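**Q** 3D, please:
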Amino acid sequence: MTGRDNIGRSLFTDYLGLQDELTEQELDYLERTRRFVDHEVLPVIGDYWQRAEFPFELIAKMAELGIVGDGIEGYGCPQMSPTASGLINMELSRGDGSLGTFLGVQSGLAMRSIALLGSQEQKQRWLPGMAALEVIGAFALTEPEHGSDSVGLEASLHRDGDAYVLSGRKRWIGNGSIADVVVVWARDTEDGAVKGLLLEKDTPGFQAEVMLGKGSVRAVWQADLTFTDVRVPLDNKLPGANTFKDASVVLASTRNSVAWAALGHAVAAYEVALTYSKERIQFGKPLATKQLVQDKLVRMLAEVTTMQLYCLRLAKLLEAGKLTDTISALAKMNNTRKAREVIAMARDLLGGNGILLENHVIRHMADIEAIYTYEGTADIQTLIVGREITGMSAFT
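**A** Numbering: from 1, shown residues only. Alright, predicted model coming up:
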């Protein structure tokens, strides 16, 4: 195996021996996903990313792993702990942010919306196929004029006989152009409350257009959605989705997965930098013999280790039913910020080679920008935590 083949492959970074805390099942999920990333994802993902092409072949292979479900119980979802779910998110993001984003939308947003807020009939109809990746889901909340202030969304619905009539636009909707079912959040014109509907593909009046020109998570498709007097059957209303707080419950449950994803990006950058600095010869010696290089590598390792501790604690709190929205917000804020710093140091260590897709770092550098923003920007997370610790809101 050449040095080039080594770049990007897992080095099993675990300086504090945290894997000793994992169960056999959690280790199996970790190793299963890690092999998939090393042997299936890394050899091809750069080409998909460069072409901004969705990797359907990788999704088909992912389906065979049995890793989709985010810990949802029953309905064909594989049994997994919060730690196992996090490890899967981490490893997919170590391979590519687009795959991590796809999984986050599929299981963390779309499936979890149905699991938390749907009827038994809706769960039985949709969740088994979604867990098997035979059915693709999307989550439509963000609008062209409402991102961080999504509570002000303008898409509307009203009841008309045997259906709801849905109108408006959505933007940045992951999987929106390929989804079989979309969880759409819109404001009921009768009572002003935000409610959730399940919109099926090919419904008349529903259009989805892939967004072009992205410089981040290029191998997953976000879409602009347009609803023109779309008639949605009454049975497609999520019975538990009756206020914006219900949408917030879903978002809060997925912020911890974003913290895990950021960890995956940071681990990828650190491991590439470590491998590269040991193999790259300059002035007759490996880069790793230089004091400045070792300083950066150790600082990167320290940040990665801190992020690992954050994530494991998140999982334990979630498992114990003690995870709060503000703890998830703190972890998301910390890990996305630190991942940016780690990736920037890796880019620095690789010099000019750091901008080559074959060395992966520049792809992670671009992708972390999307993760830093979605599910609430770092600034929004800061205000959420600040409100909790001071008792005073600084949002306005």
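**Q** so where do the helices sit in the stretch 151-300 of the chain?
**A** Applying DSSP state H, counting those that start in this stretch to the stretch 151-300 of the chain gives helices spanning 244-279, 291-319.
**Q** which secondary structure elements does the last one contact?
**A** When contacts are defined as 3 or more CB pairs under 8 Å, 6 or more residues apart in numbering; DSSP states H and E, helix 291-319 packs onto helix 82-95, helix 244-279, helix 325-349. For glycine as for every other residue, the C-beta is placed from the backbone atoms N, C-alpha and C.
**Q** Just put the ones you listed in JSON lines and tack on mean pLDDT, distance to Pro204 and mean neighbour count.
**A** JSON lines is the format used below for the helices and strands packed on helix 291-319 (pLDDT from 0 to 100; distance: least, CB to CB, whole Å; neighbours: other CB atoms under 10 Å):
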{"stretch": "helix 82-95", "mean pLDDT": "96", "distance to Pro204": "35", "mean neighbour count": "28"}
{"stretch": "helix 244-279", "mean pLDDT": "92", "distance to Pro204": "26", "mean neighbour count": "24"}
{"stretch": "helix 325-349", "mean pLDDT": "94", "distance to Pro204": "38", "mean neighbour count": "23"}
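**Q** can the helices of the stretch 151-300 of the chain go into CSV with extra columns for distance to Glu24?
**A** Shown next, in CSV, are the helices of the stretch 151-300 of the chain (distance: least, CB to CB, whole Å):
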stretch, distance to Glu24
helix 244-279, 20
helix 291-319, 16
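**Q** And the helices and strands packed on helix 291-319: which comes nearest Val220?
**A** Val220 lies closest to helix 82-95 among the helices and strands packed on helix 291-319, at 11.2 Å (CB to CB).
**Q** Out of the helices of the stretch 151-300 of the chain, flag the one nearest Asp14.
**A** Asp14 lies closest to helix 291-319 among these, at 7.5 Å (CB to CB).
**Q** How far off centre is the closest one?
**A** The chain centroid and the centroid of helix 291-319 are separated by 19 Å under CA atoms, centre = their mean, to the nearest Å.
**Q** any idea how far the residue of the chain most remote from its centre is from Lys290?
**A** Ranked by distance from the centre of the chain (CA atoms, centre = their mean), the top residue is Gly284, with 42.1 Å. Distance of Gly284 to Lys290, given as CB to CB, to the nearest Å: 12 Å.
**Q** Then Asp235?
**A** Asp235 is 65 Å from Lys290, by CB to CB.
**Q** quick one: contacts for Asn334?
**A** Applying CB atoms under 8 Å, 6 or more residues apart in numbering, one finds that Asn334 lies in contact with Ala259, Thr306, Met307, Tyr310.
**Q** any idea how far the last one lies from Gly66?
**A** This means Tyr310. Look at Tyr310 and Gly66: by CB to CB, they are 27 Å apart.
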